[in-house]
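Trainee: This is the structure alone, sequence omitted:
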C-alpha cells in the first residue's frame, strides 16, 4: 500500500465524517470512491495481522433517506483486497452470503469452501477475492447492527477461537 492510499491526495487525511458530523469517531460514512479514514484502515490492518488474514473489510449502512427507505450495506474500507469489484459490492441484511447472514443472525458466522462450498459460493466477496475461509461479524450497539466486519483467508486458514476473539475485540473497537 502506498502513502497515497493511506493518507489521501497530497498527504491529506480523507474528508470523512462520523454519523454525528465530527471528523473523528468510530463509525464513518463517505461518498463512494473516497479513501478509507486512516483510523479505520489502521484497525483493519491490525486485525488482518492479528488474525493472519489475507483480507479485512468493513461495510457500513447509510442512514435511511428522507422517505425512510433503508440503503444497502456498502464496503467502506478493505485492506488486502485483490479485486476492485469487491469494493463496489453492496448487500442487505439477510441477503445470501456471509455478511448478510451475520447481520440477520446478529452474531459471527464462518464459512469454509472445503466444508460448505454451496454457502461460501453465495458470498460474492468470497468469490471475487478467492477466499477459502472467512468470518463475518455484525458491528454496532443496540438495535440493528450498523456495520459488518469481514476477515478472509485465501489459503484456507481456519478461524479458531483466538482469531474469533481478536475479531470480536476489533469489532468492539470500531464502535467505541
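Mentor: Done, it's in. Note that the structure is predicted; figures quoted are calculated from it, not measured.
Trainee: Distance from the chain centre to the longest helix belonging to the chain, please.
Mentor: Across the chain, the helix with the greatest residue count (assigned by DSSP state H) is helix 161-175. Computed by Cα atoms, centre = their mean, to the nearest Å, the chain-centroid distance of helix 161-175 equals 12 Å.
Trainee: Contacts for that helix, please.
Mentor: The contact list for helix 161-175 (Cβ atoms under 8 Å, 6 or more residues apart in numbering) reads 26-27, 40, 43, 46-47, 50-53, 58, 108, 135, 137-141, 146-147, 149, 151, 159. Placement of C-beta: from N, CA and C, glycine included.
Trainee: Only whichever of these are buried, select them in PyMOL.
Mentor: Listed next is the PyMOL selection for buried residues among these, using 16 or more other Cβ atoms under 10 Å:
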select buried, resi 26+27+40+43+47+50+51+53+58+108+135+137+138+139+140+146+147+149+151+159
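Trainee: Give me the subset of the contacts of helix 161-175 lying in helices.
Mentor: 40, 43, 46-47, 50.
Trainee: Can I get those residues in JSON lines including distance to residue 104?
Mentor: Shown next, in JSON lines, are the ones in helices among the contacts of helix 161-175 (distance: Cβ to Cβ, whole Å):
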{"residue": "40", "distance to residue 104": "24"}
{"residue": "43", "distance to residue 104": "24"}
{"residue": "46", "distance to residue 104": "28"}
{"residue": "47", "distance to residue 104": "23"}
{"residue": "50", "distance to residue 104": "27"}
